[in-house]
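In: okay, structure incoming, though there's no sequence with it:
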C-alpha cells in the first residue's frame, strides 16, 4: 500500500518537473503545448477507488497550475479525465483480464493503448484550452491547439511508456 | 433515509468530482479578478523562489542574445547622445537662451523575468521584485527595446505582469510625430505581433511608422517605443484603421526589465474614478482630506524619499 503511494508521489514529482521545466516551454508552431501531467491519471489500474483517482488528478493539476499561472484550468481538466478514466478503461480492457488490470502498452496491445490515451488527452486538452480561451472567438486556433496538443502528448506518453518498459527489461534480466 | 444514504455512499465519487470541479473553477475565476489569490500563482514565495533558481541557471543560455541586445542599445544610445550634443551646441550658439529641460519625472526599478508564458490567450510574466521594492499594481514595465506590459498583481518579493501579449491588455498609444491616438491590443497567435485599433480614418498612417506610448494614462510616460507598423488595414466596421504592429520587445528572450515606479499618480486616478462615479462626487472633499492624510503619513514614514 505504502509503496503504491510512494510510487505515485514519485511519478507526480517527475511529471510536474517535466511539465514545468520542459513541456511548458514547448510551443510547436506557436500554439501546440503538450500537457503531460495527464499521464498521472492514465496510469491508474482498474478498480482503483474512483475518489482516489479524482483526488490524485486534482492534486496533479493543482500543483502544475501553481507553476504555470493557470489557476484552476489544469485542476479542472485533470479532475475531468480522472472521472472518465475508469469507465473508459473498463470499455477497452480485454475481457479476461484481472481485476487490478494495469493499462500498459503490453497488456492492452499497441492500438488499444493509443486509443485509450488519445481520448483522455483530447478531453484533457479540450477542457484546458476551452477554459483558457473561454470563448469560441478563436475557435480554429483553439481546435488546432487541442488536436495538436493531444497528439503530441500521446506521442510523448508512448515514448515515456517505451522508456519505462526498456528500463524494466534491463533490470529484470 | 437509508436508501438515500446508500445512494450517496454508492455514488460518492460523483460528489467528489463535482466538489473538485467547483473548487477548480473558483480558483479560475477568483484568480482572474482579484489580487488576494496571489498565493495560487507563481508570485507565491515558494514557487517564485524555485523559479528564481531555475532562471538563474537558464539565463546563462541567453547571455549571448542579451549581450547582443545590450550592444545594440548601447549603439543607439551613443547615436542619441551624439545627436543631442550637436543639438545642444546648436542651441548654445543661438543668442536665445533656452530654459533648462525638465528633469526626467520617473524612476525605474530593475527586475528579472523568472517565469513567462507566451502560448496562451491570457499570458503572464512573473518578475522577481515585489511590494518590498516599491512595486504596486498598475505600474508600467519596460525593457531596453520597448514597452513590456503593466504590473497586474504583487506579493512581497514577486510580481505578475500582464504583458502586451494578453488578450485583456489594452494600452493607449500614438503614432510618432502625429497626435492621433489608438489602442494597442493583442490577438492570440504570434508573440511579436499586436494590433492598433481606433485610429481615425483621416489620420496620415504609413507603413514603418513607429508606434509609441502617448502618456494619456499615468502608467507610461509619453514617447516610449512599442513597435513599428507592418501593415495598414481597415477595422471590420470601416470606421477606423486596424494596424498590424511588429513589437520591438522580443518576448521569448526577455530577461531584464524595468518597472516605472513613480510615474504613477494615485491622486490623478482617484480624481478620474470620482468623475466616473457620480455617487462619489459628494465626497470629493472627504477623500481629498483622506489623500492629504495619507500623504502626510507616507512622508512621516520615509522623510528621506522627498526631494
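Out: Sure thing, it's come through. Computed from a prediction, not measured in an experiment: that's the story for all the values here. Numbers count the residues shown, from 1 in each chain, chains lettered A, B, ... in the order given.
In: which stretches of the chain form helices?
Out: All of this refers to chain A. Counting by DSSP state H, chain A has helices at residues A:2-17, A:39-42, A:50-68, A:73-92, A:105-108, A:110-133, A:139-172.
In: oops, wrong one, chain B.
Out: Counting by DSSP H, residue ranges of the helices within chain B are B:2-10, B:12-33, B:45-58, B:63-93, B:266-276, B:278-281, B:284-301.
In: can you redo the helices of chain A as a markdown table with mean pLDDT, mean neighbour count and distance to residue B:23?
Out: C-beta coordinates here come from the backbone N, C-alpha and C atoms, glycine included. Shown next, in a markdown table, are the helices of chain A (pLDDT from 0 to 100; neighbours: other Cβ atoms under 10 Å in any protein chain shown; distance: least, Cβ to Cβ, whole Å):
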| stretch | mean pLDDT | mean neighbour count | distance to residue B:23 |
| --- | --- | --- | --- |
| helix A:2-17 | 87 | 12 | 18 |
| helix A:39-42 | 88 | 23 | 17 |
| helix A:50-68 | 88 | 22 | 8 |
| helix A:73-92 | 89 | 22 | 7 |
| helix A:105-108 | 78 | 16 | 32 |
| helix A:110-133 | 88 | 20 | 14 |
| helix A:139-172 | 80 | 16 | 24 |
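In: would you mind giving those as CSV with distance to chain B added?
Out: Listed next are the helices of chain A as CSV, based on distance: least, Cβ to the nearest Cβ, whole Å:
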stretch, distance to chain B
helix A:2-17, 10
helix A:39-42, 13
helix A:50-68, 4
helix A:73-92, 4
helix A:105-108, 23
helix A:110-133, 5
helix A:139-172, 6
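In: want to try JSON lines for those helices, with distance to residue B:91 as columns?
Out: Formatted as JSON lines, these follow (distance: least, Cβ to Cβ, whole Å):
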{"stretch": "helix A:2-17", "distance to residue B:91": "60"}
{"stretch": "helix A:39-42", "distance to residue B:91": "68"}
{"stretch": "helix A:50-68", "distance to residue B:91": "53"}
{"stretch": "helix A:73-92", "distance to residue B:91": "57"}
{"stretch": "helix A:105-108", "distance to residue B:91": "78"}
{"stretch": "helix A:110-133", "distance to residue B:91": "54"}
{"stretch": "helix A:139-172", "distance to residue B:91": "53"}
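In: so which of those gets nearest residue B:215?
Out: The closest of the helices of chain A to residue B:215 is helix A:110-133. By Cβ to Cβ, the value is 33.0 Å.
In: any chance you could list what contacts the closest one?
Out: Helix A:110-133 has contacts (Cβ atoms under 8 Å, 6 or more residues apart in numbering or on different chains) with A:35, A:38, A:41-42, A:70, A:72-74, A:76-78, A:80-81, A:84-85, A:88-89, A:92, A:103-105, A:108, A:141-142, A:145-147, A:149-151, A:153-154, A:157-158, A:161, B:28, B:120-122, B:188.
In: quick one, that helix and helix A:50-68 angle?
Out: Relative orientation of helix A:110-133 versus helix A:50-68 (axes from the mean of the first three to the mean of the last three Cα atoms, to 10 degrees): 50 degrees.
In: what residues does the stretch 151-300 of chain B have near chain A?
Out: B:160, B:187-191 (Cβ under 8 Å from any Cβ of the partner chain).
In: ok, for residue B:136, nearest residue in space, not its chain neighbours?
Out: residue B:154 (6.3 Å; Cβ to Cβ, 6 or more residues apart in numbering or on different chains).
In: look at that neighbour and report its pLDDT.
Out: pLDDT recorded at residue B:154 is 89.
In: that one bridge partners, please.
Out: Under the criterion DSSP bridges, residue B:154 forms beta bridges with residue B:159.
In: can you add mean neighbour count and mean pLDDT and give the helices of chain B back as CSV?
Out: Formatted as CSV, those follow (neighbours: other Cβ atoms under 10 Å in any protein chain shown; pLDDT from 0 to 100):
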stretch, mean neighbour count, mean pLDDT
helix B:2-10, 9, 81
helix B:12-33, 16, 79
helix B:45-58, 15, 77
helix B:63-93, 11, 78
helix B:266-276, 13, 70
helix B:278-281, 10, 58
helix B:284-301, 11, 64
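In: quick one: which of those is nearest residue B:175?
Out: Residue B:175 lies closest, by Cβ to Cβ, to one member of these: helix B:63-93, at 20.1 Å.
In: lovely, talk soon.
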